[in-house]
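Visitor: Fold the following for me, if possible:
(3 chains)
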Amino acid sequence: MQTFFQQLINGLSLGSIYALLALGYMIVYGISKLLNFAHGDVYMLGAYWGYYTINYLHFGFITALITAMIVCGLAGVIIEAVAYRPLRNAPRVAALITAIGVSFFLENGMSYLVTSDTRNFPQVIKRKTFDLGGVTISNIQLIILVTTLILMLGLMYIINYTKTGRAMRSVSTDYDAASLMGININHTVSITFALGSALAGAAGVLIGLYYNSIDPLMGMTPGIKAFVAAVLGGIGSIPGAAVGGFLIGLLETAVQAMGFSAFRDAAVYIVLIVILLVLPGGLFGKKQVEKV
Amino acid sequence: MNFKKAFGVAAATMMSAAALTGCATAKTSSNSGNKSSDNTIRIGVNLELSGAVASYGQQEKKGVALAAQEINKKGVKIGGKTYKVKLYVSDNKSSTSTAASVAAQLANSDKIVAQVGPAATAYATASIANLTKAGVPMVGPSATAAEFTQTKSGQTQKYAFRACFIDPFQGKKAADFMYNTLKKKSVAIMADNSTDYGTGLTKSFTKEFTKLGGKVVTTQYFQSGDKDFNSTLTTIKGKKPEAIYLPGYYTEIGLVLKQAREMGLNVPVVGADGMGSPKLAQIAGNKNATNVYYTTHFSTKSKEPEVVKFLKAYKAKYGEEPATFSSLAYDSVYMIVDAAKNEGEVSSSAIQKGLANLKNFKGVTGNITMDSKHNPQKSVVVEQMTDGKVSKAYTVK
Amino acid sequence: MKKNWKYNLCWLILMVAGFYLINTLMLTGVINTFLENMLVTIGINIILAVGLNLVIGFSGQFSLGHAGFMALGAYATGIMTQTMNSAGGFYLSVLVGVVLAIIVALLVGIPTLRLHGDYFAIATMGAAEIIRIVINNMKITNGAAGLFNIPQFATWDVVYIFVCLTTIVTVNFIHSRDGRAVISIRENEIAAEAMGVNTTKWKLSAFVLGAATAAIAGSLYASYLQTIVPSSFGIMESINILIFVVLGGLGSITGTFVATTLLGVLDAALQSLGVLRMVFYAVALIIIMIFKPGGLFGKWEFSFKRLLTKKQDGDMKEAGKESK
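Guide: Model prediction:
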């Protein structure tokens, strides 16, 4: 029983990271219908920012986190403006290839600049564990869970209760109608990218803190899994994306706990395919009507 | 229906292809090797400098560069002439097809007399075909799969050599150490199953360990690139092993150690030479790198003059201690040069002969004698780590 | 058909001429092992890209799982030629690979082809990854260690012939009635369905044919390189093939040939640049996509027909026949 709860904690911690990434992925996809392959790499940038600022500028954890979010948000806006905006009316495949190109650029650019060695993320917050009836939970795991919840609530507030959020929602629903209503599309898309990338940056710092290990290729697989989580939760639903993230984290942990760690990724993909077939809108998503 | 069509296509394709290739077609010329026409020893460096296993390729590049730099300080006298080493470095992108293409380019266009690398077995085997065709020998610094130097029919590949242990040998010694020296009879195995290294070692360890009478309570796997091992470690902890055998590379093992110790799993950990790197303690955290043992080629505590000189030179040039990969690559270069020296000629055929007959080569990674299977015969050292530093070294018979 | 025999003859002459050109260059030593490597790699990539172009470019199904089918062919050859070490064994393994790919393509395609755009892409990517992970963990495939010392039956001439054959089959498919059904689905699926085109059947056909050619390419790959590891068939490989197709132009076989050859040559030429090469590559990709999102050739196709009929502009009889 103890092991079960321990694994549950493991799964939720892993899931928080996926949730953060999934949230960012989802709002970007919702508004621009673009599979932002580079999302995972923005997360990687956040982790490296945290590494350099903590090691060389002696930032504290909170400062590093917030500055990482700002820097990554900016990165997201730049990427969108340079690479995605020109392709807004181009075939989807072209936009996807560009996203892949950006992803390659970030991964290989970082590899070139800092070499592909893994680095040690500094242990800026000393690790303390709490023992609750045989189950160990560390303060870092708690920090991750809490930060994820705060950011998620923050995002929900922005989307549901602010003018910007309303603009984002309307552009997601109907692009042309939104622009006819006087909404500045470029502005709104940029803000969405900024928010999504900021979340990715936060996830990067958190994961650096959790595993203490970063490398230029660290964003590839989590990026894809984040998309699976977003699809699982339902594109268009924020709590859905978060729930999707936690579920994927728990699924991975469960598969590993059962001893099939080699098939861990395969399990995630199988879930994806099953969900797409059985419940294409995801758990919380809305059904899309296709007009002829 | 489309299946009939596809079948038809396949059948027609096969038959016409079979018919047409009956006619004699040209083949690119095979070579009997390259010979040096000036005073340079052209050594091709075919390494993974980008892609999945780039960190290990980069480590090996450092070792190669140091060796070349040392040799070129005074040059080396072979057959009456003084030669300098010229390195032709090319990145195989951690890809089999690129490794083969690079090997072909090095051998045919750059006219190398020998190749060092690639680091991973798969890319090393991919280069064999083109090098054999060109008659150029290669030394794989870290290609550990037993079959690397063998052909299908079990004969030895004429042009493939290696500088490292083969997995069956290392796994066996680890089992020996675990059972007889550490006296642990029931262990858990946690292996990297994304390369042949982890799986090969697991196989030989399990075989030998159970033969000695030990018991493997569970075998769990991880992939290279993984960061979260908590769930796997929780499972292992639940099985209460007396020790853990952990074959893999330092990048992941560092994290495994950290997470294991943090969850209270303090049993001794035995690993293999892929762990050997100053980064291990960095990643794991000094406190967590305790009660850790690993089989390796030499000990940093060794008093052998070659080792001491090498460690000093490496630290001076790169500001850090060498990883196993760098030392093996360093030795590979010297092995090639020594082979040429022994045969008195700088040509790929001479180097091939010299490598095959290498005896008592005093390398940093051990005293090497090449056996009939082109595998180096050398002894294993087990280093023990306490608090992030090597505290003791055992020799395993 | 009789009308087209002139153009088909032109293509046949071109192919045979190409064959003898390469043969001669090899005999005279102009093409050494390195260039041969490059040419064979380009050939195998062409087979892969043409197949993928059929799926993505002509039938509009965004598949990111091509490498999975390649893996099936490669491992079929790798495993079977271990025991059947002969040319006959090799060709049998190609057939087995094709059959395996067809079965898996049906299994994957039937449930997923009703998904749209990006969802289908991720689903196929997931399917290919599942195939790779399964291969990585099976005993018969030697798991992560992969297979090596695979006997080499795919010499350059065999690869050349397969390139010609698979291209002929694919192009004929596209220009046939079946192909037009497939293209109509790309243009407007709902309209096609309204016109009575069995969209599921044709989407599946294109997908399966693409998978079959990928398996053939995989078998050739295994037999030429003589070493295969599961990691060679991951997402990156699928993306590489996708890049060949998109760069050349979705819907242009000519473009595929040109782009694949160009990239293959560039890759070999810039081999010594290391990681920086990938950075340039990425930037070039982004720039090309921004300025020419349809790819270098768009939907333009080189055809002898157009070339030769243009020349006969003055001939009234021909013009009369052409303008139907």
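
Visitor: Might you enumerate the residues of chain B proximal to chain A?
Guide: Contact residues (C-beta under 8 Å from any C-beta of the partner chain) of chain B with chain A: B:50, B:52, B:54-55, B:58, B:193, B:218, B:220-223, B:225, B:227-228, B:230-232, B:234-235, B:238, B:251, B:254-255, B:258, B:262-264, B:279, B:282-283, B:285. Where you see a C-beta, it was placed from the backbone N, CA and C, and this is true even at glycine.

Visitor: Show the buried residues in the residues you listed.
Guide: Buried members of the residues of chain B next to chain A, scored by 16 or more other C-beta atoms under 10 Å in any protein chain shown, are B:50, B:52, B:54-55, B:58, B:193, B:218, B:220-223, B:225, B:227-228, B:230-232, B:234-235, B:238, B:251, B:254-255, B:258, B:262-263, B:279, B:282-283, B:285.

Visitor: Against chain A, how distant is the one residue sitting closest to the centre of chain C?
Guide: Centre of chain C computed as the mean C-alpha position; nearest residue by C-alpha atoms, centre = their mean is residue C:48, 2.4 Å away. Distance, residue C:48 to chain A, using C-beta to the nearest C-beta, to the nearest Å: 16 Å.

Visitor: before we move on, what about residue C:305?
Guide: 27 Å.

Visitor: Over to residue B:38?
Guide: As defined by C-beta to the nearest C-beta, residue B:38 lies at a distance of 33 Å from chain A.

Visitor: before we move on, the earlier item: output the contacting helices and strands for the helix or strand that contains the residue nearest to the centre of chain C.
Guide: Counting by DSSP states H and E, the element that carries residue C:48 is helix C:33-52. Counting contacts by 3 or more C-beta pairs under 8 Å, 6 or more residues apart in numbering or on different chains; DSSP states H and E, helix C:33-52 is packed against helix B:96-108, helix B:121-134, helix C:66-83, helix C:156-175, helix C:199-225, helix C:235-248, helix C:253-269.

Visitor: and the angle for it with helix C:66-83?
Guide: Using axes from the mean of the first three to the mean of the last three C-alpha atoms, to 10 degrees, the inter-axis angle of helix C:33-52 relative to helix C:66-83 is 120 degrees.

Visitor: For helix C:33-52, C-alpha coordinates in PDB please.
Guide: The C-alpha coordinates for helix C:33-52 follow below in PDB (Å, rounded to 0.1, in the frame of the first residue of the first chain):
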ATOM      1  CA  THR C  33      32.800   4.100 -52.600                       C
ATOM      2  CA  PHE C  34      32.000   7.400 -51.000                       C
ATOM      3  CA  LEU C  35      30.000   8.600 -54.000                       C
ATOM      4  CA  GLU C  36      28.400   5.200 -54.400                       C
ATOM      5  CA  ASN C  37      27.300   5.400 -50.700                       C
ATOM      6  CA  MET C  38      25.800   8.800 -51.400                       C
ATOM      7  CA  LEU C  39      24.000   7.700 -54.600                       C
ATOM      8  CA  VAL C  40      22.500   4.600 -52.900                       C
ATOM      9  CA  THR C  41      21.400   6.600 -49.900                       C
ATOM     10  CA  ILE C  42      19.800   9.100 -52.200                       C
ATOM     11  CA  GLY C  43      18.100   6.200 -54.100                       C
ATOM     12  CA  ILE C  44      16.700   4.700 -50.900                       C
ATOM     13  CA  ASN C  45      15.500   8.100 -49.800                       C
ATOM     14  CA  ILE C  46      13.800   8.700 -53.100                       C
ATOM     15  CA  ILE C  47      11.800   5.500 -52.700                       C
ATOM     16  CA  LEU C  48      10.800   6.600 -49.200                       C
ATOM     17  CA  ALA C  49      10.000  10.100 -50.300                       C
ATOM     18  CA  VAL C  50       7.900   9.100 -53.300                       C
ATOM     19  CA  GLY C  51       5.900   6.800 -51.100                       C
ATOM     20  CA  LEU C  52       5.300   9.500 -48.600                       C
END
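
Visitor: Give me the angle between it and helix C:253-269.
Guide: Interaxial angle of helix C:33-52 relative to helix C:253-269 (the same axes, to 10 degrees): 150 degrees.

Visitor: the inter-axis angle of helix C:33-52 versus helix C:235-248?
Guide: With the same axes, to 10 degrees as the basis, helix C:33-52 and helix C:235-248 are set at 80 degrees to each other.

Visitor: Relative to residue A:73, how far out is the residue of the stretch 201-350 of chain B at minimum distance from chain C?
Guide: Closest residue of the stretch 201-350 of chain B to chain C, C-beta to the nearest C-beta: residue B:221 (8.5 Å). Separation of residue B:221 from residue A:73 (C-beta to C-beta, to the nearest Å) stands at 38 Å.

Visitor: which regions of chain A lie under the pLDDT threshold?
Guide: Applying pLDDT under 70 to chain A flags residues A:1, A:286-292.

Visitor: What of chain B?
Guide: Residues of chain B that meet the cut-off, pLDDT under 70, sit at B:1-26, B:28-31, B:397.

Visitor: What segments of the stretch 51-200 of chain B are helices?
Guide: B:54-74, B:96-108, B:121-134, B:167-176, B:196-212 (DSSP state H, counting those that start in this stretch).

Visitor: does the residue in the stretch 51-200 of chain C positioned nearest to chain A sit in a helix or strand, and which one?
Guide: Proximity of the stretch 51-200 of chain C to chain A (C-beta to the nearest C-beta) peaks at residue C:126, 3.3 Å away. Using DSSP H and E, the element containing residue C:126 is helix C:117-136.

Visitor: Quick check: strands, which of the buried ones among the residues of chain B next to chain A are part of them?
Guide: Counting by DSSP state E, those place B:218, B:220-222 in strands.
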